[in-house]
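> here are the coordinates; sequence isn't available:
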């Protein structure tokens with residue numbers, strides 16, 4: 001492989017004379033560490049992302065070919081951009097391919113495209129705007145093994161014609177793993193709610209073959225990273241093509257945002273190779289959310305025709321807090337405790353088909369005011385928002401005379417907070433509000449006379465509200481240990 005210095009010395013005179021076309025490739029390697037998904041992997045590795053780039057060619061071992069020596073593209077070009085460094089031509093899967101460079105003043109704010117040859121045409125896979133300092137950095141994470149060809153491209157402007165660089169060939173080698181298993185790893189995200197972390201354990205995972213036949217869970221194992229709950233790894237006993245199908249039965253664990261995967265036939269097939277680690281990230285469709293305010297009762301969802309009740313276990317939360325719902329259209333019905341229709345949203349008729357249709361969109365929340373017949377778009381408080389009780393000496397327990405304090409995580413400015421401390425006997429279904437206990441602090445009373453010898457639960461319920469937000473109720477509780485059953 002020719003050295004950077006020899007290459008630069010050979011090329012510089014041509015650049016100085018102006019005979020060189022638009023892009024100078026200096027051939028300086030910018031290294032990137034391989035990403036990791038399993039517990040115990042080193043920190044500071046490159047993130048795993050799911051690229052839209054297609055695979056070019058078949059898997060190859062790393063070679064000594066230096067793409068910087070590729071011949072320039074023929075034709076008239078200009079020097080509007082100049083690449084000052086790029087990643088070396090041999091990389092491992094999950095490495096970043098990075099190009100850095102400088103541009104003329106005329107291109108400040110304009111995008112420099114990184115394009116991939118898919119066997120038929122050049123496809124844009126990433127872009128980066130030229131900064132005010134006339135520099136650019138454009139990169140892509142490689143997640144397919146094989147031979148790749150990249151180039152840089154700039155669209156024409158009023159003052160500069162379009163420009164394209166040479167084609168730079170990269171040989172992408174696989175990540176080696178345990179010799180007797182095939183591993184697939186990556187990250188789970190929500191396409192319409194990327195800030196929400198989706199732990200694989202909060203989803204149901206079903207593995208299918210490439211032709212959608214069921215794969216026994218005795219032949220694969222799901223693992224998660226304790227330091228990053230969004231990452232996952234599946235270890236297969238057998239190599240082959242697999243489709244990962246995620247369902248939402250457990251999605252209430254991170255309400256209001258559930259997740260839906262594609263149907264098997266539309267899910268991307270991943271090829272697992274024995275002894276190799278194959279990256280495969282999943283972007284699931286985020287559910288929407290509905291909050292209902294109105295008179296006491298059970299609010300249920302019917303389909304858009306009003307003919308069929310859907311999600312029979314779904315009911316609106318009594319405080320109006322948004323609860324997740326699949327993104328589609330609905331009718332809302334108020335039901336009695338005997339499951340009889342009391343009224344239908346948006347009509348005086350008790351026929352759901354005549355009700356007002358509401359539409360839920362992925363990653364969006366709506367607030368339905370049942371009494372006024374209005375629907376508004378709202379934001380939701382972060383799923384990471386929580387309340388924590390402190391001041392107790394014994395973890396998980398509260399002792400008479402202790403002064404407890406309820407502390408909230410950071411809230412948006414302008415949020416109103418209401419506290420209510422409650423008590424509940426362990427044999428009772430409902431908690432009882434403690435009269436006057438509406439502050440963040442509370443002194444634990446002696447409960448021996450009222451507990452009847454049973455353990456009791458002391459809890460704080462915190463309701464947070466803000467204009468334009470769906471309300472939210474948080475809770476934390478401790479156990480007040482009794483003297484034993486009477």
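In hand now; what should we look at? Keep in mind that this is a model prediction, so the values were computed, not measured.
> mind giving me the domain split of this structure?
According to automatic domain parsing, the chain comprises the domains 4-173, 182-286, 288-378, 387-480.
> what about residue 214, how many neighbours?
When neighbours are counted by other Cβ atoms under 10 Å, residue 214 registers 11. Backbone N, C-alpha and C define where each C-beta goes, glycine included.
> how close does it sit to residue 80?
55 Å (Cβ to Cβ, to the nearest Å).
> coming back round to it: a markdown table please, covering the domains of the chain and showing mean pLDDT.
Formatted as a markdown table, the domains of the chain follow (pLDDT from 0 to 100):
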| stretch | mean pLDDT |
| --- | --- |
| domain 4-173 | 64 |
| domain 182-286 | 86 |
| domain 288-378 | 91 |
| domain 387-480 | 90 |
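> With adjacent residues omitted, what lies nearest to residue 298?
Excluding the flanking residues, the one nearest residue 298 by Cβ to Cβ, 6 or more residues apart in numbering is residue 335, at 4.5 Å.
> Now do the same contact list for the one you found.
Residue 335 sits next to 297, 298, 299, 300, 341, 342 when contact means Cβ atoms under 8 Å, 6 or more residues apart in numbering.
> buried subset of those?
Neighbour-count burial (16 or more other Cβ atoms under 10 Å) applied to the contacts of residue 335 gives 297, 299, 300.
> Now, the residues you listed that are in strands?
299, 300 (DSSP state E).
> Let me know the closest of the buried ones among the contacts of residue 335 to residue 235.
residue 300 (42.3 Å; Cβ to Cβ).
> Adding distance to residue 379 as columns, could you present the buried ones among the contacts of residue 335 in CSV?
Below are the buried ones among the contacts of residue 335 laid out as CSV (distance: Cβ to Cβ, whole Å):
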residue, distance to residue 379
297, 26
299, 21
300, 25
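> Closest one to residue 236 out of the buried ones among the contacts of residue 335, please.
The closest of the buried ones among the contacts of residue 335, once distances to residue 236 are taken by Cβ to Cβ, is residue 300, at 41.9 Å.
> okay but that closest one is in contact with residue 332, surely?
Yes: contact criterion Cβ atoms under 8 Å: residue 300 and residue 332 qualify, at 7.4 Å.
> how about the helices in the chain?
Assigned by DSSP state H, the helices in the chain fall at 4-17, 448-451.
> Residue 287 is in contact with residue 259, isn't it?
Yes: Residue 287 lies in contact with residue 259 (Cβ under 8 Å); the separation is 6.8 Å.
> Residue 437 and residue 458: what is the separation?
Counting by Cβ to Cβ, the gap from residue 437 to residue 458 is 10 Å.
> Overlap of the contact sets of those two?
Joint contacts of residue 437 and residue 458 (Cβ under 8 Å, 6+ apart) are residue 421.
> Compare these two (neighbour count), which wins?
Taking neighbours as other Cβ under 10 Å, residue 437 and residue 458 compare with residue 458 leading, 26 against 17.
> Quickly list what that one is bridged to.
Under DSSP bridges, the beta-bridge partners of residue 458 are residue 423, residue 478.
> Residue 96 now?
residue 141.
> Just to check, it is in contact with residue 140?
Yes: using Cβ under 8 Å, residue 96 is in contact with residue 140, at 7.0 Å.
> ok, residue 193 touching residue 284?
No: assessed by Cβ under 8 Å, residue 193 is found out of contact with residue 284, at 9.5 Å.
> So for those two, which residue has more residues nearby?
residue 193 (25 against 22).
> Can you pull up the most central residue in the protein?
Closest to where the C-alpha atoms of the chain average out (Cα atoms, centre = their mean) is residue 189, at 2.5 Å.
> residues near residue 394, how many?
Residue 394, neighbours per other Cβ under 10 Å, totals 11.
> how about the strands in the stretch 151-300 of the chain?
Assigned strands in the stretch 151-300 of the chain, in chain order: 163-164, 168-173, 175-176, 182-190, 204-209, 220-225, 228-236, 240-247, 259-260, 270-272, 276-279, 282-286, 288-293, 298-303 (criterion: DSSP state E, counting those that start in this stretch).
> Can you add distance to residue 469 and give these back as CSV?
Formatted as CSV, those follow (distance: least, Cβ to Cβ, whole Å):
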stretch, distance to residue 469
strand 163-164, 48
strand 168-173, 46
strand 175-176, 43
strand 182-190, 19
strand 204-209, 30
strand 220-225, 31
strand 228-236, 25
strand 240-247, 29
strand 259-260, 22
strand 270-272, 39
strand 276-279, 37
strand 282-286, 18
strand 288-293, 10
strand 298-303, 20
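> who wins for proximity to residue 392 among the ones you listed?
Nearest of the strands of the stretch 151-300 of the chain to residue 392, taken as Cβ to Cβ: strand 228-236 at 27.5 Å.
> which helices and strands sit right next to the closest one?
strand 182-190, strand 220-225 (3 or more Cβ pairs under 8 Å, 6 or more residues apart in numbering; DSSP states H and E).
> now the angle from it to strand 240-247?
Here strand 228-236 points in a direction 140 degrees away from that of strand 240-247 (axes from the mean of the first three to the mean of the last three Cα atoms, to 10 degrees).
> what residues does strand 228-236 touch?
Against strand 228-236 from outside (Cβ under 8 Å, 6+ apart): 37-38, 48, 178, 181-189, 197-201, 207, 219-225, 242, 244, 272.
> Just the buried subset of these, please.
Buried, going by 16+ other Cβ under 10 Å: 37-38, 48, 181-189, 197-200, 207, 220, 223-225, 242, 244, 272, out of those.
> Show me which of the contacts of residue 335 is closest to residue 147.
Once Cβ to Cβ is applied, the member of these that ends up nearest residue 147 is residue 300, at 56.1 Å.
> Can you give me the separation between that closest one and residue 331?
Distance, residue 300 to residue 331, by Cβ to Cβ: 9 Å.
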